[in-house]
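Engineer: any chance you can model this:
(chains A and B)
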Number of protein chains: 2
Amino acid sequence: MKTVNIGLIGFGNIGTGVVRALAANGDLAGERTGAQLRLVRIADVDTRRRRDADYDPAILTADAHAVTDDPAVDIVIELIGGLEPARSLVERALRAGKHVVTANKAMLATFGPDLLATAARHGVALLFEASVGGGIPIIRALQTGLSANRIRRVFGIVNGTCNYILTSMAERGKTFDAVLAEAQAHGYAEPDPTYDIEGYDTAHKTAILAQLAFGQDIRFADVHVEGITKIAPVDIEYARELGYTIKLLGIAKHDPADGRAEVRVHPTLLPRSSLLASVGGVFNAVMVEGDLVGKTMFYGRGAGQDPTASAVLSDVMSIAADLARDAKPGAENRLRVEGGRKALKPIAELEAAYYLRIPVLDRAGVMARLSGALGAREVSINSMIQKADHPAGRAEVIIVTHTTRESAVQQALAEIAAMDTTVGEPFVLRVEDEL
Amino acid sequence: MKTVNIGLIGFGNIGTGVVRALAANGDLAGERTGAQLRLVRIADVDTRRRRDADYDPAILTADAHAVTDDPAVDIVIELIGGLEPARSLVERALRAGKHVVTANKAMLATFGPDLLATAARHGVALLFEASVGGGIPIIRALQTGLSANRIRRVFGIVNGTCNYILTSMAERGKTFDAVLAEAQAHGYAEPDPTYDIEGYDTAHKTAILAQLAFGQDIRFADVHVEGITKIAPVDIEYARELGYTIKLLGIAKHDPADGRAEVRVHPTLLPRSSLLASVGGVFNAVMVEGDLVGKTMFYGRGAGQDPTASAVLSDVMSIAADLARDAKPGAENRLRVEGGRKALKPIAELEAAYYLRIPVLDRAGVMARLSGALGAREVSINSMIQKADHPAGRAEVIIVTHTTRESAVQQALAEIAAMDTTVGEPFVLRVEDEL
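Structural biologist: The predicted structure is shown next:
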């Protein structure tokens, strides 16, 4: 039986999960791949803390180059996260002819196409199933199982923290701040939650999905991002009345007519009857629509030690099995990001339906002024509710538009915000009806 | 650019879909794989009917061996279905060193482990993504993306005809026969629907999923099968009252404690709040639970020309891309059915919850007799409803049990059926609560 040597960089929570999974399912991995997986080196800045996993302390080092440069290492697992030194280490490992498995969404959303090109040049595999959707094999689905399709649309609920917060707000009518505090207490949200709640994590993952879906060089900086911090319990309530649920969605669409892709992350109203609307709590789901396959959905735990280890170890096994049968690893990388960089559709040109919540004076003629401002930009109204039960002669007007252009809505909202009958900042969300 | 030659056996509905997909997305396949896909031969018993696809009539032959034996053919696509001559042709192609892509679930459920062994011996790939779940990449998920897991349980809604019938019965309160007739009129059910409605199709697919999930030699003949023909509108109604939906499920479980797998297909009550319960109409979904990943679900169109072509063409592209990069195709087959044959758990030893519908005389003491018969076998009752609004002093008693042993329920039902207060055949369904 062939031995495949593994080096691990990053021995935190996920790294510990991988070492535990190797110990627990290493025999299974051996049977299935025909290769014995041997963990030969671990690098982490913290060499002193004892981790809750079965490993030989002698293989732990503070020097990451001891992993990337070790001629005995066949596969490097990178789990330190962030841009640097992760990128330099991965690049160094690839140049040294090592296969790399990573869960690093920030790195891939920023340097993915470059790193894939480096891997291809050096004839090695760069696998990253764990970077999006935890244990859900969505990366491979795009790389292999759905490869015959022109992918039209991808919708992802890919951040468990945001989905937990929005699900809890909906179920218990609490405010964002209250639920966030609870989530932090339960460990579902970080002490500094910015990366999750402002949508950056979802944007990293959506950039990776869009790269693979459209075969284009699409990066984090290309993604329009809005987080969930401004959503009020009333928005969730009004959305429900109108037949919708609010989710933080990563959205990537490709318009075959104009040849441009749009990639955006924002809280979105989606029909309550849609399958994505039933994805609750910390679960993740990605819907992929292709020209042949139609709508597909992939669902599961999007984070956590074990689900992430499932993805990392499956990637390692994929490489190890090829090494064991003397084949070239990296079949998953055949579907390259070949399309290069192309202009994306700017958010101002977006065509969507919109949810507007406008705090106004509860006074005759206000509705006419609002519809006038919208009508002047040819924004047509699908439904309109006035909620008068507010203090001091105030009301809220909730409008859902038909499909219209983003720039027209923004112009109308600027006019509405300046009206003397408008008594607070208008709030706007986008709607996706075809789910 | 390398050219990869394809031979197709079986030019019916799905074959036509594949030829159309090759014409529509062949350029995309070329970009993504680095190989030009060329359809060089088609065999079908009917060489005269003109198909709605772009192909050269000169390559159409009635002789399937002209495909399997053509030295120019790299990949054989088998789409004739059924056991013979499909099996002989696939075996002949594999022995001739050709890679094979097939959608043939009956063949794989019957001879799959033998054919995979033949493929391995001859160093070629045998891919079959289209055999289960149409375009949903569930086969690859088990072969690669989830390979690090010990799979505990698989639940599949994998027959669109049955799911359409059950969904329509639930939505419109109609009888099985009425909905079947409608489904036949719409083309959702075959003129002879036996293969679908008796559960055989689901059993074929479940055997394939169980093979891959547990790495064991499990075949169609090992699967306990019951169809949906006996379900009455009242069962769907009572199930709903009790918080359940009825679906035809393929179920495969592996019990790590006793080391045995159970594989069965039958109409099943599942919680209405579960994600699988929301899978309506002709859609398919497979839930896979692994020790690391937890619960995952894969959803999409399980049949039809385009979704099936998506799976077939993705398999072809996988092989073609490896041929183009001078790698050995068949990475997906690394996860072999190595476990060999092992004893499965007989249905009599099954532990499950049960739904019982018992037509009785509406008379004092009947409930006590029923509970007595169940209690004597230690079958404990979770909930019990009596529905008295039936003609001529009759009633129906509906019982949901706690988890108990199948044999105990069957013995109790035999006693109940023989009671003079029982006025018709008791009807029994199994319940799956942990979904």
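
Engineer: secondary structure element for the closest residue to residue A:252 other than its chain neighbours?
Structural biologist: Nearest residue to residue A:252 in three dimensions, chain neighbours excluded: residue A:210, at 3.9 Å (Cβ to Cβ, 6 or more residues apart in numbering or on different chains). Quick note: C-beta positions are derived from backbone N, CA and C, even for glycine. Using DSSP states H and E, the element containing residue A:210 is helix A:200-214.

Engineer: quick one: contacts of the helix or strand following that helix?
Structural biologist: Using DSSP H and E, the helix or strand that follows helix A:200-214 in sequence is strand A:224-225. Strand A:224-225 is contacted from outside by A:198, A:199, A:200, A:202, A:203, A:263, A:264, A:265, A:266, A:347, using Cβ atoms under 8 Å, 6 or more residues apart in numbering or on different chains.

Engineer: can you do 7 Å?
Structural biologist: In this structure, residues lying in contact with strand A:224-225 by Cβ atoms under 7 Å, 6 or more residues apart in numbering or on different chains are A:199, A:200, A:203, A:264, A:265, A:347.

Engineer: okay, those residues in a markdown table with distance to residue A:328, pLDDT and neighbour count next?
Structural biologist: Below are those laid out as a markdown table (distance: Cβ to Cβ, whole Å; pLDDT from 0 to 100; neighbours: other Cβ atoms under 10 Å in any protein chain shown):
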| residue | distance to residue A:328 | pLDDT | neighbour count |
| --- | --- | --- | --- |
| A:199 | 38 | 98 | 27 |
| A:200 | 36 | 98 | 20 |
| A:203 | 33 | 98 | 29 |
| A:264 | 37 | 98 | 26 |
| A:265 | 36 | 98 | 29 |
| A:347 | 41 | 95 | 18 |
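
Engineer: make JSON lines out of those residues and add distance to chain B.
Structural biologist: Formatted as JSON lines, the contacts of strand A:224-225 follow (distance: Cβ to the nearest Cβ, whole Å):
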{"residue": "A:199", "distance to chain B": "24"}
{"residue": "A:200", "distance to chain B": "25"}
{"residue": "A:203", "distance to chain B": "24"}
{"residue": "A:264", "distance to chain B": "24"}
{"residue": "A:265", "distance to chain B": "23"}
{"residue": "A:347", "distance to chain B": "28"}
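
Engineer: what's the farthest-apart pair in the residues you listed?
Structural biologist: Spanning the widest gap among those are A:200 and A:347, at 16.5 Å by Cβ to Cβ.

Engineer: can you list the domain ranges for chain A.
Structural biologist: A:2-135+A:305-334, A:149-300, A:347-431 (automatic domain parsing).

Engineer: least confident secondary structure element in chain A?
Structural biologist: One helix or strand of chain A scores below all others by mean pLDDT, DSSP states H and E: strand A:381-387, with a mean of 91.

Engineer: can you list contacts of that one?
Structural biologist: By Cβ under 7 Å, 6+ apart, strand A:381-387 touches A:238, A:242, A:353, A:367, A:371, A:374, A:395-402.

Engineer: so what are the sheet partners of it and their directions?
Structural biologist: Applying DSSP bridges, strand A:381-387 is found paired with strand A:394-401 (antiparallel).

Engineer: quick one on the thing from earlier: which residues sit against the helix holding residue A:210?
Structural biologist: With Cβ under 7 Å, 6+ apart as the criterion, helix A:200-214 contacts A:105-106, A:108-109, A:112-113, A:131-132, A:139, A:142-143, A:151, A:154, A:156, A:158-159, A:195, A:217-220, A:222-223, A:225, A:248, A:250, A:252, A:254, A:261, A:263, A:265, A:286, A:335, A:337, A:339.

Engineer: the helix or strand containing residue A:306: what's the following helix or strand?
Structural biologist: Following DSSP H and E, one finds residue A:306 within helix A:305-324. As assigned by DSSP H and E, the chain's next helix or strand after helix A:305-324 is strand A:351-361.

Engineer: restricting to C-alpha, output that following strand in CSV.
Structural biologist: Only the C-alpha atoms of strand A:351-361 are listed here, as CSV (Å, rounded to 0.1, in the frame of the first residue of the first chain):
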residue,chain,number,x,y,z
GLU,A,351,-33.0,44.7,-13.1
ALA,A,352,-34.8,43.4,-10.0
ALA,A,353,-38.0,43.9,-8.0
TYR,A,354,-37.6,46.0,-4.8
TYR,A,355,-39.1,46.2,-1.3
LEU,A,356,-39.3,49.7,0.0
ARG,A,357,-40.2,50.8,3.5
ILE,A,358,-40.7,54.5,3.9
PRO,A,359,-41.5,56.3,7.2
VAL,A,360,-43.9,59.1,6.4
LEU,A,361,-46.4,61.5,8.0
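
Engineer: what's the angle from it to strand A:381-387?
Structural biologist: Per axes from the mean of the first three to the mean of the last three Cα atoms, to 10 degrees, the angle that strand A:351-361 makes with strand A:381-387 is 20 degrees.

Engineer: list the buried residues in strand A:351-361.
Structural biologist: A:352, A:353, A:354, A:355, A:356, A:357, A:358, A:359, A:360, A:361 (16 or more other Cβ atoms under 10 Å in any protein chain shown).
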